[in-house]
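[1] quick one, what's the 3D model for this:
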Amino acid sequence: MGATGRIGQLLQAVWKRHPPNGLTPRWQTRRADGGRAPQGLCFLPGAPPQGARFGVVLSLLGVTSAAGSGACGPDLRENSALALAALETARKVGARHVFLASSAAVYGPGGGLREDAALHPASAYGRAKQTMEIAAQDWRRGAGRDAPRLTILRIGNVAGADALLAPRRPTPGGAVTLDRFAASGGGPRRSYIGPTSLARVLASLLRRGAWCEGVPEILNLAAPGAVAMEDLLDADGRAWQWRDAPQEAIEQVVLNTDRLRAMGEPGLAQGGAAAIVAEWRGLDMPGGGAGRATP
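    The predicted structure is shown next:
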C-alpha cells in the first residue's frame with residue numbers, strides 16, 4: 001500500500017528488474033491514474049475491493065511533511081489513521097501478516113539504537129510516527145486471535161527517498177549545505193540503505209510473514225553502521241559546502257541492526273557511501289537513477 005510514495009516507486013523499479021521470488025506484488029493507489037506498475041489496485045485505505053485476498057500487506061502509507069499542516073496541506077496526524085486503515089485492510093483481505101513502515105526518527109538522536117531503546121523523537125514527524133506505532137500496537141492487542149500479525153519497521157534513510165539524495169529543485173549556487181559539528185569536525189551521520197538492498201530484505205521479510213515464520217513486532221531496517229552525509233554527496237558527485245551546525249542540529253541517528261542480522265536476512269553487508277549511491281543511481285527512474293547526469 002502506498003505505491004506512489006517515494007519508497008513505493010523505488011521498490012517497483014527494483015522488483016521490475018528483479019522480481020521477488022515467491023511473491024506477486026499488487027500495488028495499491030488511491031487514484032485510478034496513480035498506479036506506476038502493472039497489476040495495480042485502486043482503493044481507499046481500509047476499503048479493499050470485495051473478495052480481494054492477499055497473504056501479506058506492506059504499508060508504506062504516510063505523511064512526511066508538516067508544511068501546511070491542517071486543512072491547507074498534509075497533517076502529520078494522518079499517519080496514525082493511515083496505519084489503522086492499513087491494518088483494517090489486512091484483516092479484510094485475510095492477510096496473515098502486516099508490515100507498517102515507521103522511521104528511525106522515533107528514536108531521536110543517538111548511536112547503536114536498539115528496538116527496545118526508549119523513544120525520544122526530536123521532530124514533529126518522529127513524534128507522529130511514535131503515536132502511529134502506539135495506535136497500531138493497541139489495535140493489534142484488541143483485534144483478536146484471527147487478526148493479522150504485526151511488524152513495525154523502523155527504517156533508516158533510503159537512498160533516493162531521503163532529503164539528501166532525492167531529486168530536488170536546484171538551490172542558489174547549486175550546492176548543498178551540510179552542518180559541521182565542532183567536536184568531530186564532520187557532518188551528520190545516519191543509518192542508510194540502498195533501494196536494491198531494501199527491496200531484497202523486504203522481499204525476504206514478506207515471505208516470512210506470508211509463510212507464518214517468526215518476525216519480531218519491532219524491527220530496525222538499515223545497512224549496518226553509520227554513513228557520513230558528506231561521503232554520500234561526494235559519491236554522488238554533488239557540490240556541497242559546510243556551515244557551523246546550529247544548536248538544534250542532530251549529529252547522529254544510527255540504528256542497531258543486530259536483530260535483523262540475526263535473522264540471516266540477505267543484502268545487509270557493510271555498505272559504504274559509494275555502494276549505497278550506486279544502488280540508487282543504477283535505477284531507471286525520473287529525476288535520478290540510471291542515466292542521471294552528475295551535477
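
[2] can you pull out the strands in the stretch 1-150 of the chain?
    All strands of the stretch 1-150 of the chain, identified by DSSP state E, counting those that start in this stretch, fall at 27-29, 40-42, 56-59, 97-103, 110-113, 149-155.

[3] strand partners of the fifth one, parallel vs antiparallel please.
    Spelled out, it's strand 110-113. Strand 110-113 has its sheet partners listed here by DSSP bridges as strand 252-255 (parallel).

[4] average pLDDT for the strand it pairs with?
    Taken as a whole, strand 252-255 carries a mean pLDDT of 97.

[5] now swap in stretch 229-239 and tell me
    Per-residue scores along stretch 229-239 average to 94.

[6] what sits up against it?
    Applying C-beta atoms under 8 Å, 6 or more residues apart in numbering, the contact partners of stretch 229-239 are 159, 164-165, 173-176, 178, 186-190, 192, 240, 272-274, 276-278, 280-281, 294-295. Bear in mind the C-beta positions are built from the backbone N, C-alpha and C, glycine included.

[7] give me the buried entries from those.
    159, 164-165, 176, 178, 186-190, 192, 240, 272-273, 276-278, 280-281 (16 or more other C-beta atoms under 10 Å).

[8] so which of those residues sit within helices?
    Using DSSP state H, the members of the buried ones among the contacts of stretch 229-239 that fall within helices are 273, 276-278, 280-281.

[9] what would these look like in CSV with pLDDT and distance to Asp231?
    Shown next, in CSV, are those (pLDDT from 0 to 100; distance: C-beta to C-beta, whole Å):
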residue, pLDDT, distance to Asp231
Ala273, 94, 4
Ile276, 93, 9
Val277, 93, 9
Ala278, 92, 13
Trp280, 91, 14
Arg281, 90, 15
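
[10] TSV please, covering those residues and showing distance to Glu248.
    What follows is those, written out as TSV (distance: C-beta to C-beta, whole Å):
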residue	distance to Glu248
Ala273	25
Ile276	27
Val277	28
Ala278	33
Trp280	28
Arg281	32
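
[11] closest one of those residues to Ser204?
    Ser204 has its nearest neighbour among those in Ile276, at 19.0 Å by C-beta to C-beta.

[12] once you drop chain neighbours, what's closest to the closest one?
    With sequence-adjacent residues excluded and distances taken as C-beta to C-beta, 6 or more residues apart in numbering, Ile276 is closest to Gly194, at 4.5 Å.

[13] where's the one you found relative to Ala182, distance?
    For Gly194, the distance to Ala182 (C-beta to C-beta, to the nearest Å) stands at 31 Å.

[14] who's more crowded, these two?
    Between Gly194 and Ala182, counted using other C-beta atoms under 10 Å, Gly194 has the larger neighbour count: 25 against 7.

[15] low-confidence stretches in the stretch 101-250 of the chain?
    Scanning the stretch 101-250 of the chain for pLDDT under 70 picks out 167-174.

[16] in it, which spans are helices?
    For the stretch 101-250 of the chain, applying DSSP state H, counting those that start in this stretch gives helices covering 124-142, 195-210, 229-235.

[17] tell me which of the ones you listed is the most buried.
    By mean neighbour count, with neighbours taken as mean count of other C-beta atoms under 10 Å, helix 195-210 ranks first of those at a mean of 22.

[18] and Asp258, how far from Asn21?
    26 Å.

[19] revised request: answer the last question for Ala163.
    On the measure of C-beta to C-beta, Ala163 and Asn21 end up 32 Å apart.

[20] what do you get for Trp211?
    Trp211 is 12 Å from Asn21, by C-beta to C-beta.

[21] higher neighbour count, the two?
    Neighbour tally, Trp211 and Asn21, criterion other C-beta under 10 Å: the higher count belongs to Trp211, 12 against 8.

[22] show the backbone phi and psi for that one.
    phi -100, psi 10 (degrees, to the nearest 10).

[23] mind checking how far it is from Leu23?
    Distance, Trp211 to Leu23, using C-beta to C-beta: 11 Å.

[24] ok, now Glu265?
    15 Å.

[25] before we move on, what about Thr257?
    From Thr257 over to Leu23 (counting by C-beta to C-beta), the distance is 23 Å.

[26] swap in Gly282?
    Distance from Gly282 to Leu23, by C-beta to C-beta: 21 Å.

[27] Leu76 now?
    Per C-beta to C-beta, Leu76 is found 31 Å from Leu23.

[28] same drill for these two, tell me which one is more crowded.
    Neighbour count, other C-beta under 10 Å: between Leu76 and Leu23, Leu76 has more, with 21 against 17.

[29] from Arg127, how far off is the more buried one?
    Leu76 sits 8 Å away from Arg127, taking C-beta to C-beta as the criterion.
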